[in-house]
Each structure stands twice: as C-alpha cells, then as structure tokens.
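In: I would like to see how this sequence folds:
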Amino acid sequence: MAFTPSLRPSPIQRPQATAHLAQTMSLLGLNLQELNQKIESALAANPALELLEGRHCPYCGRQLRPGAYCGACAPKDSAKGDEPVVFIAPPEDGYGRGTRSGEEIPEDFNAAQPEDLASYVLRQIASELNEQEQLIAAHLLSTLDDDGLRTVPLIEVARYYHVPVTDVEDVAQMIMLADPVGVGADSTSEAMLTQLRSLGDKVPNFDLCARAITDGLNALSKKQYTELGSLLGVSKAKAQQVAEFIAANLNPFPARAHWGSLRTQAVDAPQVYQRPDLIIKMQEDGRMVVEVTWPLRGVLRVNPLFQDALQDAPEDKSEQWKIDLEQANLLIKCLAQRNQAIVRLMQVLAVVQREFILSGDAHLRPFTRATIADELGVHESTVSRAVAGKSVELPSGKIVPLAQFFDRSLHIRTALKKIVKDEPKPLSDTTLAKLLAKEGYDIARRTVAKYRTMEGILPAHLRKPQAVG
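Out: Okay, the predicted model is just below:
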C-alpha cells in the first residue's frame with residue numbers, strides 16, 4: 001500500500017485527549033453536506049477561525065492552479081500496480097463528473113429528495129406494468145396512510161380511469177406483493193393475509209392462522225387465547241401457538257414496520273444522495289484515483305490577526321479568546337484526522353473492491369467492517385462512522401452508498417436477478433436456490449425468497465413467462 005509521507009500513519013499509538021478523540025469521531029460520522037454545515041457554523045461562531053478562500057489543497061493548504069492537484073498530497077506516480085491514489089480533493093474537482101475547473105456547480109446538481117414509500121414501491125413494480133397500469137399504481141400509492149394502507153375503494157379508482165375494476169385489483173395485488181409485503185392493502189387484515197400467503201410452506205397452520213386473522217383479530221390483539229381458541233375450535237394452547245406465530249411473522253402496519261412512517265424514514269430506508277462524498281475515476285493508464293471531497297472552496301486556518309490580538313486582549317475577554325483559539329486549533333486538527341481516516345479506509349477498499357468498482361455488482365467481494373478495522377489497526381466503530389451516510393461516485397457515474405462496499409449479499413442478489421431475467425418460465429424459489437448453488441452460492445430457499453423480495457422480484461406464480469422469439 002503506497003502512502004504519501006504526509007498521510008503515513010505513525011506506528012506508535014499515542015493516547016489522545018478525550019475532547020480531541022470525541023470531536024474526531026463526531027466529524028468522521030458526518031457526510032459532505034453535514035460537514036459543510038458544521039464548518040460553516042464554526043466559522044460563524046468562532047472569530048479565531050478563518051476560511052482562506054481560493055483554490056487550495058485542503059490537506060496542506062498549498063495554493064493550486066486551476067485544474068491541478070496538489071503534487072505533495074496526491075502524487076500520481078507514487079502508487080504502483082493496482083494501488084489507488086487517494087487524496088483530499090478541492091470541491092471544483094470533487095463535485096461532479098465532467099465539470100471544468102472554475103465552473104460553478106448548479107445548486108440542483110444530482111439533487112434529489114429522500115425516496116418516499118410510494119416511489120420505492122412503484123419503482124419495484126413499474127417494469128411489470130404498462131403505461132395505464134403505472135398511472136393506476138401511482139394513484140393507489142398516493143392514497144396510502146401512515147400505516148401503508150390504502151384509503152380509497154378500488155371501484156372509485158376504476159371509475160376514474162374508466163377501466164374494469166378487475167384491472168385495478170390486479171395492480172393493487174402487485175403493490176401488496178412488493179416490499180414491504182402487504183403495503184397498499186385496504187385493511188390490517190388484508191395486509192396480514194397477504195404476508196401470510198407470501199410465507200408459503202413456512203406457515204405451520206395456514207388455515208388456522210388465516211381464520212384467526214379474519215375472524216379473531218380482536219382476540220389476537222388482546223391476547224385472549226381462550227376466546228380465540230373458541231372461535232377457531234381448538235385448545236387454548238393451540239390458539240396461543242397460532243397467535244405467537246402471527247405476532248412473530250406478520251405486521252398489520254407495513255409502512256411502520258419497514259419504513260418508520262411515510263413522513264419519517266426508517267434507518268435502513270433507501271437513500272438518494274445529492275453530492276458524492278467520494279469520487280472514483282480511472283486514468284488512461286488504468287490507474288485508479290479516489291478523490292475525498294472537501295466541502296469548502298478554500299482552506300480552514302486560525303485567523304493570524306486574531307492570534308496576534310490575543311497578546312493584547314482586554315482582561316475581561318482574554319479567557320474567552322483563549323478558548324476560541326483552542327477550539328479553532330482543535331477543529332482544524334480533528335478535521336485533518338477525519339480526512340486521514342477516510343483516505344486510509346479508501347486505500348484499502350479501492351484495492352479489495354476494485355473489480356466491483358470497475359465491473360459492477362456481480363463482482364462485489366464479501367468484506368466486513370471488522371476485517372478492514374483489523375487491517376487498519378482501529379476499532380470497528382471507527383470504520384462504521386467513516387462509512388455511515390457517505391456516498392461514492394463510481395467511474396460509471398453511478399452514485400452508491402459507501403456501505404454497499406460491505407454488502408455481503410449484493411453479488412448473490414445480482415446473480416439471482418440474472419437467473420430470473422433469463423428464465424424460460426417462472427422458476428420456484430427452490431429451483432432458484434439449486435441454480436444459485438451451482439454458481440457457488442449455497443443459500444436456503446427462504447433466503448432466496450428474502451433476496452427476491454429485496455430486489456422487487458415477484459413469486460413464480462405471479463411472474464410472467466419470458467417471451468420466446
């Protein structure tokens with residue numbers, strides 16, 4: 001691994017002050033936009049901080065010519081073979097592909113709002129629908145409440161589009177089978193029944209579970225097992241067994257279970273990125289260059305005038321000015337530590353995941369945060385902070401979350417999608433599992449079902465046979 005002198009970590013681990021370590025970890029967890037806000041806030045609040053405007057190297061502060069990299073911090077000839085060159089990039093170079101040095105980046109470049117549940121579901125099923133059906137699906141999804149349940153009758157939608165109600169029912173059924181399963185149902189009972197049917201042979205007492213949902217939902221919610229058993233014609237113990245299976249595997253509120261709510265996304269909800277935190281480019285000679293984007297058009301430093309004035313500070317302000325100076329120095333040092341940590345992380349990741357970066361999802365190598373933490377000699381939580389919320393622009397122009405570099409199922413899901421795409425007729429999950437095993441992915445049928453749902457692939461009985469000829 002090739003490191004520049006300024007970035008080479010010391011082999012001696014020295015204890016850091018608690019405030020220094022805490023602030024470094026806090027900054028490490030921020031993405032580009034959050035870091036920009038943090039620095040702007042500090043500049044506004046602390047007179048000891050100053051932004052030296054112009055095109056400077058964000059790491060060493062050297063002034064740069066338009067379009068040029070810092071020769072000291074990003075020497076392009078230092079890396080050998082497949083080793084990447086990783087460095088902190090000025091924003092003119094880091095805020096988007098195809099922009100010329102000095103060109104202003106539009107404020108809405110790659111701008112996008114976080115994807116809501118309706119858009120997420122529609123994206124999964126859109127390829128299976130014709131234009132009219134897509135309009136109907138969008139209409140139905142626009143009526144979801146905070147629980148992910150539909151609030152308008154299907155007959156009303158059918159009349160609006162002048163189509164048979166059966167056409168609207170077909171679209172509604174496809175919505176309910178998307179992720180999260182049961183979304184778009186007209187009631188909690190319908191949502192749970194849809195989820196129950198999607199489990200297939202994993203349901204030990206399908207008929208009893210279905211009857212408990214349709215006839216005994218009130219008893220289920222109150223855990224009244226004696227009453228539920230009476231309704232189902234079974235013992236209290238059997239009724240409790242059915243209720244516990246339903247509680248463990250079904251959810252009456254699909255949106256809240258999988259999305260938080262329509263207004264507040266869950267932690268794992270898909271994210272859409274405005275500007276990438278890192279940009280990976282390929283040179284003509286095959287060398288990989290990774291730019292860690294600096295959010296400011298300038299370099300942060302201690303205000304020299306403030307530092308000089310501190311010697312003659314009024315007695316009533318002397319202590320506060322010293323605190324301001326200490327905080328300014330601390331922020332600058334912590335930012336340098338943050339940048340160094342991300343540079344070191346990418347020096348390893350860009351090597352390990354080179355084929356994924358260049359050739360796509362099918363080439364992703366299973367790789368954990370713990371593994372890279374051991375290699376870098378840091379705690380796993382440090383790697384987690386460095387990865388959290390960050391996005392990467394690949395050489396293809398595609399922007400992906402940095403966390404995707406650690407997705408241990410992505411290459412399997414990619415193989416699954418290819419099999420389904422090429423299947424002559426819809427294949428069952430069991431058959432898909434066998435085909436994946438032949439490709440070296442030995443996973444259970446239920447895992448296939450999980451990955452299929454994640455990729456928005458319908459069950460075999462709902463997929464359309466591939467057209468021949």
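
In: only C-alpha atoms from now on, for both contacts and neighbour counts.
Out: OK.

In: helix or strand, whichever it is, which one in this structure has the lowest mean pLDDT?
Out: Least confident element among the helices and strands of the chain, by mean pLDDT, DSSP states H and E: helix 91-94 (a mean of 53).

In: Val302 reaches Ala48, doesn't it?
Out: Yes: with contact defined as CA atoms under 8 Å, Val302 counts as touching Ala48 (5.6 Å).

In: what's the spacing between stretch 314-330 and its chain's center?
Out: 40 Å (CA atoms, centre = their mean, to the nearest Å).

In: what comes into contact with it?
Out: Here stretch 314-330 makes contact (CA atoms under 8 Å, 6 or more residues apart in numbering) with 20, 46-49, 301-302, 307, 310, 313.

In: now the strand or helix carrying Asn339, how far from the chain's geometric center?
Out: For Asn339, the host element (DSSP states H and E) is helix 315-352. Distance of helix 315-352 from the chain centroid (CA atoms, centre = their mean) equals 26 Å.

In: any buried residues in the next helix or strand after the least confident helix or strand of the chain, and which?
Out: For helix 91-94, the following helix or strand on the C-terminal side (DSSP H and E) is helix 117-125. Applying a neighbour-count criterion of 16 or more other CA atoms under 10 Å, one finds 117-118, 120-122, 124-125 buried in helix 117-125.

In: distance from the chain centre to helix 117-125, please.
Out: The chain centre lies 16 Å from the centre of helix 117-125; the measure is CA atoms, centre = their mean.

In: can you name the next helix or strand after it?
Out: Counting by DSSP H and E, what follows helix 117-125 is helix 131-141.

In: what does that following helix rub up against?
Out: 118, 122, 126, 150, 152, 157, 161, 168, 171-172, 175, 184.

In: in helices only, show me the residues you listed.
Out: 118, 122, 157, 161, 168, 171-172, 175 (DSSP state H).

In: mind putting those into CSV with distance to Phe253 and pLDDT?
Out: What follows is the ones in helices among the contacts of helix 131-141, written out as CSV (distance: CA to CA, whole Å; pLDDT from 0 to 100):
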residue, distance to Phe253, pLDDT
Ala118, 15, 83
Leu122, 18, 85
Val157, 23, 89
Tyr161, 28, 86
Val168, 22, 93
Val171, 20, 92
Ala172, 17, 93
Ile175, 15, 91
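
In: mind giving me the PyMOL command for buried ones among these?
Out: Selecting only the buried entries of these in PyMOL, with 16+ other CA under 10 Å as the criterion:
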select buried, resi 118+122+157+168+171+172+175
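
In: farthest-apart pair in the ones in helices among the contacts of helix 131-141, please.
Out: Across the ones in helices among the contacts of helix 131-141, the longest distance by CA to CA is 19.5 Å; it joins Ala118 and Tyr161.

In: next one: Val383 from Lys417, what distance?
Out: 30 Å (CA to CA, to the nearest Å).

In: more neighbours: which of these two?
Out: When neighbours are counted by other CA atoms under 10 Å, Val383 and Lys417 differ, and Val383 comes out ahead with 22 against 17.

In: CA-only coordinates of the helix or strand hosting the more buried one, as CSV, when you get a sec.
Out: Following DSSP H and E, one finds Val383 within helix 380-387. C-alpha atoms of helix 380-387 as CSV (Å, rounded to 0.1, in the frame of the first residue of the first chain):
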residue,chain,number,x,y,z
GLU,A,380,-14.7,-1.4,14.2
SER,A,381,-16.8,1.5,15.3
THR,A,382,-14.3,3.9,13.7
VAL,A,383,-14.9,2.2,10.4
SER,A,384,-18.6,2.3,10.9
ARG,A,385,-18.5,6.0,11.5
ALA,A,386,-16.3,6.6,8.4
VAL,A,387,-18.8,4.6,6.2
